[in-house]
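Chemist: Below: sequence and its predicted model.
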Amino acid sequence: MRLGTATMVDRRLLPLVEASRAFYASRVGSRGPRSPEDLRVARAGLAAPVPSRPPAVEELVGVRGRRVPLRIHTPVDRPAAGVVLDIHGGGFYLGCAAGGDVRNRELADALGVAVASVDYRLSPEHPWPAAPEDCETAALWLAEHAADRFGATRLAIVGFSAGATLAATTLLRLRDQGVGAVGTAVLQFGTYDLSARTPAGRLVRDEYFLEAYAGGAPDRTHPDLSPIFADLTGLPPVLMVVGDEDILLEDNLAMAARLSAAGVDVDLRLYPGSPHGFTAHPTPMARAALDDVEAWLQSHPAPP
């Protein structure tokens, strides 16, 4: 067996690299907020989310004494064949479920599934474990009510960036409770070591999102914060998506290795010429990755 990022790239993607590089060459790069003041400025400058057609249905759901808002998209012309829980990104301190409305509407119509996006509480106002609690609440509600609400029991979890981290912790929380409703997960370029204890984690150790999200946690290697330190056995099949120019590449490679060593069916897809967050950008490479995500979700139904 030969290991190396070059051997992990699907050769069909190579012709798309030039267009990706052209897009990023003309795009001004930026880093995330570096302080509370930067975060206030960033939040004030966020554009309003683009609405979908038809619009999402907003619903406040509750289970086990906790409540959380969901934005729900259902197929327009057919019953739902499954349910996807979407967890948005934004460094744990930015973003909202509405920001994914257009993509989630496309996913609902393309796959014939219901897509529920959770508006989890943001840091630093609500540090860990607020966000994982909200994502767990959404997942538990779907596990209990998907059949009655949508006529479907197939459940998948999809996370983007910080949302991928939260998707991983949600899988672990459900497994630990013996809830087996989730049949698969898609993790797009998550952060899996928030402790800066691994070489990969040290690459982002100075980022403000770590302080904002982890708050006063005494041990940032806690698996609910840094899932790379978790016992990963018993998780459902996972698709991991990451660009080869993402600062989190090493973290994702390490997480994929740990999942594989734990016996999890993990499919790691590496996209050339692509930085962090690339699937949100208008490039052919992003389209190829999103098509791969859709194909994965279609081919990995949840168990009955």
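Modeler: Thanks, I have the structure now.
Chemist: Need the nearest residue in space to residue 229, chain neighbours excluded.
Modeler: Distances taken as C-beta to C-beta, 6 or more residues apart in numbering place residue 221 nearest to residue 229, at 4.7 Å, with adjacent residues excluded. To be clear about C-beta, it is placed using only N, CA and C from the backbone, and glycine gets the same treatment.
Chemist: gap between the one you found and residue 202?
Modeler: Here the criterion is C-beta to C-beta, to the nearest Å. By it, residue 221 lies 13 Å from residue 202.
Chemist: More neighbours: those two, which one.
Modeler: Neighbour count, other C-beta atoms under 10 Å: between residue 221 and residue 202, residue 221 has more, with 17 against 13.
Chemist: didn't the residue nearest to residue 229 look like it was pressed against residue 192?
Modeler: No: the pair residue 221 / residue 192 is not scored as a contact, 11.2 Å apart, by C-beta atoms under 8 Å.
Chemist: And what about residue 158, helix, strand or coil?
Modeler: The three-state label given to residue 158 by DSSP: H, G, I helix; E, B strand; the rest coil is strand.
Chemist: Who is it paired with across the strands?
Modeler: As for beta bridges, residue 158 partners with residue 86, residue 186 under DSSP bridges.
Chemist: ok, and what's touching stretch 126-133?
Modeler: 66, 92, 120-123, 166, 169-170, 173, 212-217, 224-225 (C-beta atoms under 8 Å, 6 or more residues apart in numbering).
Chemist: Among those, which ones are in helices?
Modeler: 166, 169-170, 173, 212-214 (DSSP state H).
Chemist: Out of those, give me the two with the largest separation.
Modeler: Spatially, the most separated pair among the ones in helices among the contacts of stretch 126-133 is 173 and 212, at 21.4 Å (C-beta to C-beta).
Chemist: Pick out whichever of the two has more residues nearby.
Modeler: Ranked by neighbour count (other C-beta under 10 Å), residue 173 and residue 212 place residue 212 first, with 22 against 19.
Chemist: Quick check: phi and psi at the residue nearest to the more buried one when sequence neighbours are not counted.
Modeler: Sequence neighbours aside, residue 124 is the residue nearest to residue 212 in space, at 4.0 Å (criterion: C-beta to C-beta, 6+ apart). Dihedral angles of residue 124 (phi, psi; degrees, to the nearest 10) stand at phi -80, psi 0.
Chemist: So residue 124 versus residue 160, what's the distance?
Modeler: With C-beta to C-beta as the criterion, residue 124 and residue 160 are 20 Å apart.
Chemist: okay, these two: which has more neighbours?
Modeler: residue 160 (26 against 16).
Chemist: who touches that one in this structure?
Modeler: Residues counted as contacts of residue 160 (C-beta under 8 Å, 6+ apart) are 86-89, 100, 188-189, 277, 279-280.
Chemist: Mind doing that once more with 10 Å?
Modeler: 86-90, 95, 99-100, 103, 166-167, 186-190, 241, 277, 279-280 (C-beta atoms under 10 Å, 6 or more residues apart in numbering).
Chemist: Okay, and which of those residues map to strands?
Modeler: 86-87, 186-188, 241 (DSSP state E).
Chemist: what's the closest residue to residue 81 other than its chain neighbours sitting at in phi/psi?
Modeler: The shortest distance from residue 81 to any non-neighbouring residue, by C-beta to C-beta, 6+ apart, is to residue 112 (4.7 Å). With angles defined as degrees, to the nearest 10, residue 112 shows backbone torsions of phi 70, psi 40.
Chemist: returning to what we had before: show the buried residues in the contacts of stretch 126-133.
Modeler: The neighbour count (16 or more other C-beta atoms under 10 Å) marks 92, 120, 122-123, 166, 169-170, 173, 212-214, 217, 224-225 as buried among the contacts of stretch 126-133.
Chemist: Could you identify the most distant pair in those?
Modeler: Maximum pairwise distance in the buried ones among the contacts of stretch 126-133, criterion C-beta to C-beta, is 21.4 Å, between 173 and 212.
Chemist: what residue lies at the spatial centre of the chain?
Modeler: Residue closest to the mean C-alpha point of the chain, counted by C-alpha atoms, centre = their mean, is residue 159 at 1.3 Å.
Chemist: Enumerate every residue touching it.
Modeler: 85-89, 135, 165-171, 185-190.
Chemist: before we move on, back to that, closest to residue 42 out of the ones in strands among the contacts of residue 160?
Modeler: residue 87 (19.9 Å).
Chemist: Any stretches of the stretch 1-150 of the chain with poor pLDDT?
Modeler: Under the criterion pLDDT under 70, the flagged ranges of the stretch 1-150 of the chain are 1-3.
Chemist: quick one: the strands in it?
Modeler: Secondary structure of the stretch 1-150 of the chain (DSSP state E, counting those that start in this stretch): strands at 57-63, 66-73, 83-87, 114-118.
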